[in-house]
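>>> Predicted model and sequence below, questions to follow.
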Amino acid sequence: MKRSGPLFTLLGGLLLALFMLTLNATTGSGSSSYGDSSSGAAKPAAPPAASASPSAKPSPSKKPSPAKKPRPPADGKYTGRTDDDTASVAITLRGGRATAYFCDGRTTESWLKGDVEDDGSLRLTGEGGAKLDGRVKGDTVRGTVDVRGGPRPFTAPRTEKKPAGLYRARAEVRGERLDGGWIVQPDGSQVGLLSRDGKPAAAPRLDPGTGAVRLPGGGRLTARPVVP
């Protein structure tokens with residue numbers, strides 16, 4: 001019985017040594033399987049990215065409000081004079097078109113036509129390079145008219161008072177071709193030219209109520225309001 005003590009001690013030491021060898025072998029194989037890329041072992045997959053919350057919705061982008069389109073000027077009649085008070089100007093607007101008449105009552109006149117833009121601007125043209133540039137602002141047309149002598153500023157207020165406005169008469173009387181234009185102002189004053197076979201002269205007075213024009217030496221014309 002006394003010899004059994006060393007025997008148990010020796011057996012315990014052998015068991016402890018065997019356990020340590022087994023533990024080292026297990027630890028070594030685990031390290032090589034994950035750490036050595038040449039071994040062909042698959043690496044652990046990265047965790048999936050967190051998905052957005054299904055309840056989160058992108059805020060809608062705010063659409064810019066559309067710019068307001070200017071309204072075209074209303075149909076109407078405008079009569080006035082050049083700033084130097086040497087000639088009269090009348091303009092009639094209708095359906096986006098404009099007809100204007102420039103007249104000094106002596107020898108110079110011009111009929112001009114063109115479109116009216118939505119912003120109220122006018123670019124009218126006539127024979128011989130005549131032109132009128134202006135704009136409707138409120139109840140007034142302000143601009144310049146260029147007829148044989150350079151641009152002249154003018155102002156033509158809107159008028160609703162009858163019979164103010166622009167009139168024209170065309171006819172052939174006794175073999176003579178006649179073409180007349182008249183501007184009647186709101187105060188009743190008027191100016192015009194009557195061309196006989198292309199030769200202009202001061203026009204006879206127009207009766208605004210009836211449009212009648214009595215010709216010198218006999219004969220009669222009927223003038224009518226101008227519509228573009």
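Alright, I've got the coordinates.

>>> Let me know the next secondary structure element after the least confident helix or strand in the chain by mean pLDDT.
Every helix and strand in the chain was compared by mean pLDDT, DSSP states H and E; the lowest is helix 4-35, with a mean of 54. Counting by DSSP states H and E, the next helix or strand C-terminal to helix 4-35 is strand 76-82.

>>> Show residues contacting that next one.
Under the contact criterion Cβ atoms under 8 Å, 6 or more residues apart in numbering, strand 76-82 has outside partners 87-93, 136, 140-141, 145, 152-160, 164-166, 183-186. All C-beta spots, glycine's among them, are computed from the backbone N, C-alpha and C.

>>> now the residues you listed: which count as buried?
With neighbours counted by 16 or more other Cβ atoms under 10 Å, the contacts of strand 76-82 contain buried members at 87-93, 136, 141, 145, 152, 154, 156, 158-159, 164-166, 183-186.

>>> quick one: which of these sit in strands?
Secondary structure from DSSP state E places 88-93, 136, 141, 145, 152, 154, 156, 158-159, 165-166, 183-184 of the buried ones among the contacts of strand 76-82 in strands.

>>> Model confidence score at Leu225, please.
Check again: residue 225 is Pro, not Leu. For Pro225, the pLDDT comes out at 95.

>>> and it, what is it in contact with?
Counting by Cβ under 8 Å, 6+ apart, Pro225 makes contact with Thr92, Gly165, Leu166, Tyr167.

>>> Please verify my assumption that the last one contacts Gly181.
Read it as Tyr167. Yes. If you go by Cβ atoms under 8 Å, Tyr167 and Gly181 touch, sitting 7.1 Å apart.

>>> Return every residue with contacts to both of those two.
Common neighbours of Tyr167 and Gly181 (Cβ under 8 Å, 6+ apart) are Gly192.
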